[in-house]
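Engineer: sharing a sequence plus its predicted fold:
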Amino acid sequence: MTLTYSFHPSAREEFDHLSLKDQEDFDLAIQALREHPLRGGPGFVVEELAEAPGLWKLKLRHPHRRAYYRVTGNHLRLLGFGPRADFYLRLRDKARLARTRNE
C-alpha cells in the first residue's frame, strides 16, 4: 500500500528553502518512502532515532542533508529538513513532534 504524506508547516518552509537539487533528491526519497517507509533506497538511508522511538531519520548520502518523519497508520508525516549542523537542535521542538489529528 502506498502511504499518503504531508509536511508539518515548519518542514514545508524548510523544504522550500533547500536548493532545487536537494528538493529533487528528497522528492525521490519521499516517493520511495511512501512504498517502504522504514527502509533506505538508492541515494538515501533511514534509521529510527534511538532517543525518540517512532521517529525516523532520512539521510541523503551525497549532500549530507537530513529529514525526519513519523509514520502513523497509512500516513507519512514529514517533520523537518536541513543540514546536520542544526538538525538535532530543531528535533527538540516539542510542538513540531507532537502528534496531531492531521497525521
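Structural biologist: The structure has been received and is ready for your questions.
Engineer: for this structure, which segments count as strands?
Structural biologist: All strands of the chain, identified by DSSP state E, fall at 4-7, 44-48, 55-60, 65-72, 75-83.
Engineer: can I get those in a markdown table including mean neighbour count?
Structural biologist: (C-beta placed from N, C-alpha, C; glycine too.) Converted to a markdown table, those look like this (neighbours: other Cβ atoms under 10 Å):
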| stretch | mean neighbour count |
| --- | --- |
| strand 4-7 | 15 |
| strand 44-48 | 15 |
| strand 55-60 | 19 |
| strand 65-72 | 20 |
| strand 75-83 | 20 |
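Engineer: pLDDT below threshold where in this protein?
Structural biologist: Applying pLDDT under 70 to the chain flags residues 84-88, 90-103.
Engineer: quick one on the thing from earlier: okay if I get the strands of the chain as CSV plus distance to residue 26?
Structural biologist: Output for these, formatted as CSV (distance: least, Cβ to Cβ, whole Å):
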stretch, distance to residue 26
strand 4-7, 11
strand 44-48, 9
strand 55-60, 7
strand 65-72, 6
strand 75-83, 7
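Engineer: those strands: which one's closest to residue 14?
Structural biologist: strand 75-83 (4.2 Å; Cβ to Cβ).
Engineer: which strands and helices sit next to that closest one?
Structural biologist: strand 4-7, helix 9-16, helix 20-35, strand 65-72, helix 84-91, helix 94-97 (3 or more Cβ pairs under 8 Å, 6 or more residues apart in numbering; DSSP states H and E).
Engineer: highest mean neighbour count out of the ones you listed?
Structural biologist: strand 65-72 (a mean of 20; mean count of other Cβ atoms under 10 Å).
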